[in-house]
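In: Could you look at this predicted model? Sequence included:
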Amino acid sequence: DTDGLLVSADRVLYILPYGERKALIGNGCRRAFNVHGELYLRGFDITNAGLCSDDGESKGGAIYVAEEGHVELSFGLRISNSQNLYGSGGAVYVDGSLITFFGPRIEGCQAGVNGGAIYIADHTRVLLDDMRFTDNTAAGA
């Protein structure tokens, strides 16, 4: 699916703001990023993103990382109050790809199935350093 900003397989997107803190504020029922290529986020807020429909493919409230994708979430990144009401990964769903976490915060996110903050599917490569999770919930956990 192509909800949110699509980063296609042959593309790389960097969001590394300088100066004032930047934010992406969703409407609660739309994913922020759908990643098939590479996405690098730092010093940025994603809040109130999410999926609200039961389409059988609900993956990742704020960020979905497809099998061929790569995402790096770095210091200063905060994902808050995101949801996936009928699926897994309240904030992030990683589908057999590569994801790197260097100090982001994920708080107040919820999933209707598993992974209130993050759902990591089989065959996913993960590097974690200095993660902070606060008040994330999943109904199936």
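Out: That came in fine, so what should we check first?

In: residue furthest from the geometric center of this structure?
Out: Distance from the centre of the chain peaks at residue 19, with 23.5 Å (Cα atoms, centre = their mean).

In: Which helix or strand contains it?
Out: Using DSSP states H and E, residue 19 sits within no helix or strand.

In: Let me know how buried residue 12 is, in neighbour terms.
Out: By the measure other Cβ atoms under 10 Å, the count of residues near residue 12 is 10. Every C-beta, even on glycine, is put in place using the N, C-alpha and C of the backbone.

In: so how far is the lowest-mean-pLDDT helix or strand in the chain off the chain centroid?
Out: Counting by mean pLDDT, DSSP states H and E, the chain has its least confident helix or strand at strand 22-25, which shows a mean of 82. Remark: strand 22-25 is offset 14 Å from the chain centroid, using Cα atoms, centre = their mean, to the nearest Å.

In: cool, and stretch 10-28?
Out: Counting by Cα atoms, centre = their mean, stretch 10-28 is centred 12 Å from the centre of its parent chain.

In: what comes up buried for that stretch?
Out: For stretch 10-28, the buried set under the neighbour-count rule, 16 or more other Cβ atoms under 10 Å, comprises 13, 15, 24, 26, 28.

In: Mind listing residues that contact that stretch?
Out: Under the contact criterion Cβ atoms under 8 Å, 6 or more residues apart in numbering, stretch 10-28 has outside partners 5, 7, 32, 37-50, 52, 62, 76, 82-83.

In: re earlier: packing partners for the next helix or strand after the least confident helix or strand of the chain?
Out: Counting by DSSP H and E, the element after strand 22-25 in chain order, helix or strand, is strand 33-35. For strand 33-35, the elements it packs on are strand 5-7, strand 63-65, judged by 3 or more Cβ pairs under 8 Å, 6 or more residues apart in numbering; DSSP states H and E.
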